[in-house]
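Chemist: Structure, please.
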Amino acid sequence: MDASPDFPRQSRAPVFNMPGVVTASIAVLIVIQAIREYLLSDVRDISIVLDLALVPARWTVWFDPSRVAEVIQAAGSGDAQLGAMREAFARYVTGQQSLEPWTLATYALLHGSWMHVLFNSVWLAAFGSPVARRCGAWRYGAIALAGIIAGGVLHILIDPLSATPLVGASAGISALMAAAARFVFQPPASAYGAQPWQVPVHRPAETIPELLRNRTAVSFLTIWLVTNLLFGLVSLPLGAESAAIAWDAHLGGFVAGFLLFPLLDRKSSPRA
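Modeler: Numbers count the residues shown, from 1 in each chain. You can find the predicted model right below:
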């Protein structure tokens with residue numbers, strides 16, 4: 001009788017071995033960008049952005065119509081030519097008087113350019129994969145969606161007069177980054193006496209005190225926070241024009257993922 005162990009099947013190279021839900025997420029973002037770039041007219045694309053992107057001023061005016069003048073004034077400040085265009089757009093948005101609550105989630109489906117969507121896809125593959133493997137598809141989706149909504153809410157609260165549409169999946173990816181940070185930086189469990197083909201023991205997510213004692217995790221969290229604050233002060237070519245990074249949306253998503261992950265993390269099953 002052959003007593004050799006049943007090794008896990010390695011049918012795909014690790015670089016292509018992403019969980020199906022992560023692959024599907026990236027595919028959706030790329031397909032949407034391709035449709036917008038190659039199939040839709042400019043007028044139709046603008047209409048989609050207006051319907052799906054998150055515009056803080058739209059929410060502000062819905063809850064407090066008396067702030068319409070503030071929104072228009074804020075949009076018209078700065079460069080005269082661009083200010084006139086922004087002011088005209090602000091008048092259009094505030095004149096609609098519609099909340100469009102779905103935009104708190106749908107803004108993550110749109111991106112400013114191919115560079116933007118590909119950059120987000122790389123980070124989604126890197127940090128979404130470990131979360132999906134550990135938690136499963138629906139928990140992965142719940143964490144990402146919570147981060148998207150939390151990022152949008154914080155963006156509205158911090159920049160309530162902005163009539164600039166917010167797009168991009170970065171807030172949801174930030175939530176997945178935070179979730180992954182709760183377990184990926186743990187020191188490896190002792191494998192003494194274990195066979196190489198055995199599945200590693202499921203270890204609980206690190207608590208906040210444990211994270212603060214983990215130098216690798218602290219370094220990652222510090223670098224993430226500093227770079228997001230710095231990028232919020234500069235403009236990067238993520239769209240047709242240079243655009244500032246929505247650091248507040250990233251921060252809201254990160255906090256949501258960090259706090260939500262322990263509640264959604266799968267518990268280890270007892271072994272016989």
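
Chemist: CA only for contacts and neighbour counts going forward, please
Modeler: Fine.

Chemist: Stretch 96-105: end-to-end distance?
Modeler: From its first residue to its last, stretch 96-105 covers 20 Å (C-alpha to C-alpha, to the nearest Å).

Chemist: Identify the residues contacting that stretch?
Modeler: With C-alpha atoms under 8 Å, 6 or more residues apart in numbering as the test, stretch 96-105 has contacts from 51-54, 58-59, 61-62, 145, 148-149, 152-153.

Chemist: and the residue lying closest to G83 once chain neighbours are set aside, what does it touch?
Modeler: Nearest residue to G83, sequence neighbours excluded (C-alpha to C-alpha, 6 or more residues apart in numbering): G76, at 4.1 Å. Listed by C-alpha under 8 Å, 6+ apart, the contact partners of G76 are 82-87.

Chemist: Give me the buried subset of those.
Modeler: Taking 16 or more other C-alpha atoms under 10 Å as the criterion, what is buried in the contacts of G76 is 83-84, 86-87.

Chemist: Excluding chain neighbours, what is closest to H250?
Modeler: Sequence neighbours aside, A171 is the residue nearest to H250 in space, at 4.5 Å (criterion: C-alpha to C-alpha, 6+ apart).

Chemist: so what pLDDT did that neighbour get?
Modeler: What the model reports for A171 is a pLDDT of 96.

Chemist: Ends of stretch 159-168, what's the gap?
Modeler: With C-alpha to C-alpha, one end of stretch 159-168 sits 17 Å from the other.

Chemist: mean confidence score for it?
Modeler: For stretch 159-168, the mean pLDDT works out to 93.

Chemist: Look at N17 and say how many residues are nearby.
Modeler: Counted with other C-alpha atoms under 10 Å, residues neighbouring N17 total 12.

Chemist: now do L99
Modeler: 16.

Chemist: Show the backbone phi and psi for it.
Modeler: phi -80, psi -40 (degrees, to the nearest 10).

Chemist: which stretch of helix or strand covers I32?
Modeler: helix 20-38 (DSSP states H and E).

Chemist: Which strands or helices does that helix pack on?
Modeler: For helix 20-38, the packing partners by 3 or more C-alpha pairs under 8 Å, 6 or more residues apart in numbering; DSSP states H and E come out as helix 114-135.

Chemist: Same list (the contacts of stretch 96-105) but as CSV, adding neighbour count.
Modeler: Listed next are the contacts of stretch 96-105 as CSV, based on neighbours: other C-alpha atoms under 10 Å:
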residue, neighbour count
D51, 15
L52, 23
A53, 25
L54, 29
R58, 30
W59, 24
V61, 24
W62, 17
L145, 25
I148, 31
I149, 24
G152, 29
V153, 20
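
Chemist: I appreciate the help and will end here.
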